[in-house]
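> Got a sequence here, can you model it:
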Amino acid sequence: MTDALLASAKATPKQMADAIRVLAMDGVEKANSGHPGMPMGMADVATVLFSKFLKFDASRPDWADRDRFILSAGHGSMLIYSLLHLTGYKDATKEQLSNFRQWGAKTAGHPEYGHMAGIETTTGPLGQGVANSVGFALAERHLAGRFGEDLVDHRTWVIAGDGCLMEGVSQEAIALAGRLKLNKLCVLWDDNEITIDGKVSLSDATDQLARFKASGWAVKAIDGHDMGAIKKALAWATKQSKPTLIACKTRIGRGAATMEGSHKTHGAALGAAEIAATRLGLKWTHAPFELPEGVEKAWRKVGKRGSKDRKAWEARLLDHASRDDFTRAMAGDLPDGAFEALEAKLKAVVAEAPAMATRQSSGVALETVFDAIPELIGGSADLTGSNNTFVKNTHILDAPTYEGRYVNWGIREHGMASAMNGMALHGGVIPYAGTFMVFSDYSRPAIRLAALMGVRAIHVLTHDSIGLGEDGPTHQPVEHLAALRAIPNLLVFRPADTVEALECWQVALQNKKAPSALALSRQKTPAVRLTDAGENLSRKGAYELKAASGEAKVTLFGTGTEVALALKAAETLEAEGAPTRVVSVPCFELFEQQPKAYQDAVIGRGTVRVAIEAAIKQGWERFIGEDGAFVGMSSFGASAPAEVLYKEFGITAEAVVEAAKARL
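Numbers count the residues shown, from 1 in each chain. Below you'll find the model as predicted:
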């Protein structure tokens, strides 16, 4: 048969899989950077999944009831880029594939959410995709419970590698998925026995099938290059009452002329000679990024396979009683009147001036918005009573109906934060969950990815300073505010009282493009906002809470529980003849978004500037300059009652007064 006839002939499943292999090796070769081995090894599995099982329509990548495909082994990004190109996604052009890993290209080194339609989440840090998938699957089940399976009935499919399963977050994720019986979740494990350093056996001897089975999953092992076996296994997965793991025994770099099965194919281009020999072996005569006509037609047909289901779904949505609510929720928009109760509560709180811990203030905020925003899904890492994240009479989100709105995450901070990302990415829900602030260290990788992706996940971080007292330095966050503020696009709030807590919650809920972290106190603190401002002052990030009696000589900055100390210090300074203003700084990041003129006015250049915060100084230079004073922590804390700790570490109104007077 001539090359022309071969090019136009109907493609076989193997030729369709070979198209992935060739595109992957050519993309990596052109970039001289990347990971060809995994896409080549999992090409057969991906071909069967996309052509026979995955519910999607390439012309409508935002179809709400599509199946979600997550490439947890994100280093093999040419797999998903090739699949999106082959099935006809508009963004995934030949030019994008040929510019893999280049400046301005949508085909980044690892798949990045928002760069290209069809990429459901940013992966690369191994294990994150597996943990995200639990959130996707949980959101699907919850929305099916809320709106019915005529609107929400889809699956979450994951391709994961050995590294994903070695990462600790995977155990947190699979244990939770098994407990919740998320049977529409299927993990396809690329069981190729290879890591960067060589054989998996160098570092791991885990029986993964036994591990998943012990966690409540249904498991199966297959030959990952036998398309008949793959098809049967995927069909089996759709009939299980548990989440499923399919161990796909593959050879990394499948099809490579001499390097198939070698760890050298994992993270480097194959090289011109190996690619030429591989093309011969695969009988692939086309130039890089060019496809045989028959192969291209076969894949484009796959991309259109779901259009009938999508149109039928759209017809159901059109006539559905919950159409408007569903559409609004999936768009991430809040209901009309979402903050009516909150705004009424603000006026009441100003009048009442309650003294309470800001974690309790946060609980008050949740109580005022929870019924008005049905998309809110709460939870805690086994610290519900301490985090104040549970709204009275809320049902637990659990099998078999999944209609509840509170998740018992267990002691799984990392898995919780990553699953929250998956929930937010899925759409239709707004996740929030709590833990102690010091344990944000466990959540940090997922919080960072939430900020990178720009998704609305809200982290309630209580016990925010040495003020938690007797639990001591293992539980007292000192560097954590600075560490969280260092993450771009993360809004870090530290409200000073109940008014600010209500305001900060409003801003966090309204911001669709950034995650938020609320740093909240264990200890009681007095009210500092005693008049109705008529606007959300916390939205500005920093604002003048108390004006000086005359031309200001001193500006005191504070956050959280230390704002009350700043006000007390200001009284003393005023009494001693030093006009002093106090600035509350609930959110550094929002302050940086304000006009320069506003920033300059709030900072008060030309005055003595002192900041007070029960944390390390890092980051405060922005407000106090090189010559300003800082009253806070420079070491770890200690075990003692909160009031003793504040005195012993010198975080007092008297210390603020002395710091200001020394500079006057």
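
> Going by C-alpha atoms from here, please, whenever you check contacts or count neighbours.
OK.

> so L556 sits in a strand?
Yes - the assignment for L556 by DSSP: H, G, I helix; E, B strand; the rest coil puts it in a strand.

> ok now do it, which residues does it touch?
With contact set as Cα atoms under 8 Å, 6 or more residues apart in numbering, L556 has these partners: 566, 570, 580-583, 609-612.

> try it again with 6 Å
582, 609-611 (Cα atoms under 6 Å, 6 or more residues apart in numbering).

> which one of those has the most neighbours?
Neighbour counts for the contacts of L556 peak at A611, which has 29 neighbours (criterion: other Cα atoms under 10 Å).

> does I70 really touch V158, like I thought?
Yes - at 4.7 Å, I70 and V158 qualify as touching, with contact defined as Cα atoms under 6 Å.

> So if I had to pick from these two, which one is more boxed in?
I70 (26 against 21).

> counting contacts, what elements does whatever helix or strand that one lives in pack onto?
According to DSSP states H and E, I70 maps onto strand 68-71. Judged by 3 or more Cα pairs under 6 Å, 6 or more residues apart in numbering; DSSP states H and E, the packing partners of strand 68-71 are strand 156-160.

> one more time with 10 Å, if that's ok
Packed against strand 68-71 by the contact rule (3 or more Cα pairs under 10 Å, 6 or more residues apart in numbering; DSSP states H and E) you find helix 77-87, helix 128-147, strand 156-160, strand 185-191.

> can I get the contacts of L556 in JSON lines with secondary structure?
Formatted as JSON lines, the contacts of L556 follow (three-state DSSP):
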{"residue": "V582", "secondary structure": "strand"}
{"residue": "R609", "secondary structure": "strand"}
{"residue": "V610", "secondary structure": "strand"}
{"residue": "A611", "secondary structure": "strand"}
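
> So which residues of the stretch 451-600 of the chain form strands?
Per DSSP state E, counting those that start in this stretch, the stretch 451-600 of the chain carries strands over the ranges 458-462, 491-493, 516-520, 524-525, 543-546, 554-558, 580-584.

> Helices along the stretch 351-500 of the chain, start to end?
Assigned by DSSP state H, counting those that start in this stretch, the stretch 351-500 of the chain shows helices spanning 358-369, 384-387, 413-426, 440-453, 480-485, 498-510.

> Point out the one among those that comes closest to L270.
Across these, L270 has its closest neighbour in helix 440-453 (30.5 Å, Cα to Cα).

> Give me the distance between that closest one and the centre of its chain.
Chain-centre distance of helix 440-453: 6 Å, with Cα atoms, centre = their mean, to the nearest Å.

> average pLDDT across that helix?
On average, the pLDDT along helix 440-453 is 98.

> then that helix to PDB, C-alphas only?
Taking Å, rounded to 0.1, in the frame of the first residue of the first chain, the C-alpha atoms of helix 440-453 are listed here in PDB:
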ATOM      1  CA  SER A 440      -1.200  25.600  57.200                       C
ATOM      2  CA  ASP A 441       2.300  24.200  56.700                       C
ATOM      3  CA  TYR A 442       0.700  20.900  55.800                       C
ATOM      4  CA  SER A 443      -1.800  22.700  53.500                       C
ATOM      5  CA  ARG A 444       0.700  25.000  51.800                       C
ATOM      6  CA  PRO A 445       1.400  23.200  48.600                       C
ATOM      7  CA  ALA A 446      -2.300  23.100  47.800                       C
ATOM      8  CA  ILE A 447      -2.900  26.700  48.900                       C
ATOM      9  CA  ARG A 448      -0.100  27.800  46.600                       C
ATOM     10  CA  LEU A 449      -1.700  25.900  43.600                       C
ATOM     11  CA  ALA A 450      -5.000  27.500  44.400                       C
ATOM     12  CA  ALA A 451      -3.400  30.900  44.200                       C
ATOM     13  CA  LEU A 452      -1.600  30.000  41.000                       C
ATOM     14  CA  MET A 453      -4.800  28.800  39.400                       C
END
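
> list the helices and strands it packs on?
The elements that helix 440-453 packs onto, with contact taken as 3+ Cα pairs under 10 Å, 6+ apart, are helix 128-147, helix 168-180, helix 413-426, strand 458-462, helix 480-485, strand 516-520.
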